[in-house]
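Visitor: show me the folded form of this:
(one chain, ligands or ions: 1)
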Amino acid sequence: MAEKFYITTPIFYPNAKLHMGHAYTVTICDIVARAQRLQGKEVYFLTGADENTGKILKVVEEQGQSVEEYLNQVTENFKDLYSKLNISYSQFIKTSDREKHWPGAQALWKKLVEAGDIYKASYTGLYCVGCETFYTEKDLVDGKCPVHLTVPEKIEEENYFFKLSKYTQTIKDRITSDELRIFPQTRKNEILALLDRGLEDISFSRPIKSVPHGIPVPGDESQVIYVWCDALVNYISALGYGRDDVLFQNFWPANVHVVGKDILRFHAAIWPAMLLSAGLPLPKNLLVHGLITSGGHKMSKSLGNVIDPYELIEEYGYEAVRHYLAREVSPFDDGDMTKERFKESYNANLANGIGNLTSRIMKMAQDNLEMPVQVTEEKDMSKYFALYDVYEISKAGDYVWNEVKALDQYIQENQPFKLIKTDKEAGQKMISDLVARLYAVAQMLNPIMPETSEKIKTLIKENKTPEVPLFVRKD
Ligand code: ME8
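Guide: I've put the predicted structure just below:
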């Protein structure tokens, strides 16, 4: 039976349009998913929307839509971007889905109760609805939420609390021992430092009036499950936890949750604690990527520097966007992106790089070989795929482009187009070898640029030069 591989993206909030940052997360997940499939694994790739948030209420009211209509529209928008980026997800989970998500969320809640980890308490706190998080005075900057720069709401209410503090040591042990492995090391250190300071119990429910479309707390209809508790459960509810758990049995624990560094604490502390409380295995890996900035600043509407993936897809094609995200943004650090840098990389790596190389080699092949080169699928690409196992996505991209460069250099130094005139047999052999190496490049390219990979393979199988260049230089 094929080895299983379960990978997830965060489920995104539906109150704003997806931008390049979201595109980054789903694209690197897709690249990892495709790399695993190529190695023969059975992959389950989950994504979705985090819908039970109070953030949407204002927008819904302004637009005069029902919550359901609004959410369905947003889902269509999310799916549209995923399809434009050729994201090979298995399921899109919506947390408003009463059939697929609610039973899991409520079943998990009951497990927390059974473990004695839920208790009622009065609470006074500062809540930022943008973050869906409580803050303390000392977290604030000039009295404002450090992320949204808005004054948080002062809340006084009776809530259900989760005994997060109880799990501090166990989580610390699991992370230290890499049973729950966190990539990169810097994020592992960051969460370990947080755990050293100790975790505090956390409010895990809200009054139903704050999120009327939220999931009711089992046994207390006046409260809804806190949106982060509800959202994290998506990773198992989507697999049927709490209803029909065939997929759950097959795919849990997740091989990797991919998240941005902004939500590290939720995934490396709160989620593991919930799983421990419910007696469930922890995910194996957490890939915590950095955030994409634009021209050195956080992307924001007011700065006018939000990079819209649609615009770049329209101008350069979606595979150019996948290429940029895979290669030019480190999966472990923040990465800056500008339209100028995008164009430079496109011209150097795609138009003048792989596009030009394919034309050069296939022109020589078409003109000088009587038959297509008999290529075989290279099975042993272990060195290349090993990079994906440790989420070195941009290094994997570089690995492919190093071979592109090596082929360019080989042609320049050995000039097969001249050799063929003086020694036909030797010239043909050299060109055939180049074609075979180009085929290996196409194979490696598959996770990053699946369509270009197929195009090159087809050209090789038909012994043809591309009728139009694969990538046209932009000026
Ligand atoms: O936090 N660069 O949703 P969200 C890179 N619903 N990635 C970015 C980014 C940027 N500039 N901006 C956003 C939530 N992201 C919760 C998640 S999961 C159970 C619930 C990506 O819509 C990145 O993956 O605010 C980040 O973690 C996520 O979007 C936050 O998305």
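
Visitor: could you list the residues of the stretch 1-150 of the chain in contact with the ligand?
Guide: If contacts are counted using CB under 6 Å from any ligand atom, the residues of the stretch 1-150 of the chain sitting beside the ligand are 10-13, 21-22, 24-25, 50. For every residue, glycine as well, the C-beta is placed using N, CA and C.

Visitor: restricted to strands, list those residues.
Guide: Of the positions in those, 10-12 sit in strands, assigned by DSSP state E.

Visitor: please, where are all the strands along the stretch 201-350 of the chain?
Guide: The residue ranges that make up the strands of the stretch 201-350 of the chain, judged by DSSP state E, counting those that start in this stretch, are 202-203, 205-207, 216-217, 220-225, 256-260, 285-289, 292-294, 297-298, 335-337.

Visitor: again with the stretch 51-200 of the chain
Guide: In the stretch 51-200 of the chain, the strands defined using DSSP E, counting those that start in this stretch lie at 91-94, 118-128, 133-135, 153-162, 181-183.

Visitor: dump the ones you listed into a markdown table; add mean pLDDT as well.
Guide: Formatted as a markdown table, the entries for those read as follows, by pLDDT from 0 to 100:
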| stretch | mean pLDDT |
| --- | --- |
| strand 91-94 | 98 |
| strand 118-128 | 91 |
| strand 133-135 | 89 |
| strand 153-162 | 92 |
| strand 181-183 | 98 |
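
Visitor: who wins for proximity to Glu467 among those?
Guide: With distances scored as CB to CB, the stretch of the strands of the stretch 51-200 of the chain nearest to Glu467 is strand 91-94 (36.5 Å).

Visitor: list the buried residues of the closest one.
Guide: Buried residues in strand 91-94, counting neighbours by 16 or more other CB atoms under 10 Å, are found at 92-94.

Visitor: thinking again about what came up before, show me which of the residues of the stretch 1-150 of the chain next to the ligand is closest to Lys429.
Guide: With CB to CB as the yardstick, the closest approach to Lys429 among those comes from Tyr24, at 43.2 Å.

Visitor: my read: the closest one touches Leu325, true?
Guide: Yes. The pair Tyr24 and Leu325 passes the contact test of CB atoms under 8 Å, sitting 5.1 Å apart.

Visitor: who has more neighbours out of the two?
Guide: Residue environment comparison for Tyr24 versus Leu325 gives the larger neighbour count to Leu325, 28 against 25, counting by other CB atoms under 10 Å.

Visitor: read off the pLDDT value for the spatially closest residue to that one that is not a sequence neighbour.
Guide: Counting by CB to CB, 6 or more residues apart in numbering, Leu325 lies nearest to Thr27, which is 4.7 Å off, once chain neighbours are set aside. Confidence per residue is given as pLDDT, and for Thr27 that number is 98.

Visitor: and for Lys166, the neighbour number?
Guide: With neighbours defined by other CB under 10 Å, the count for Lys166 comes to 16.
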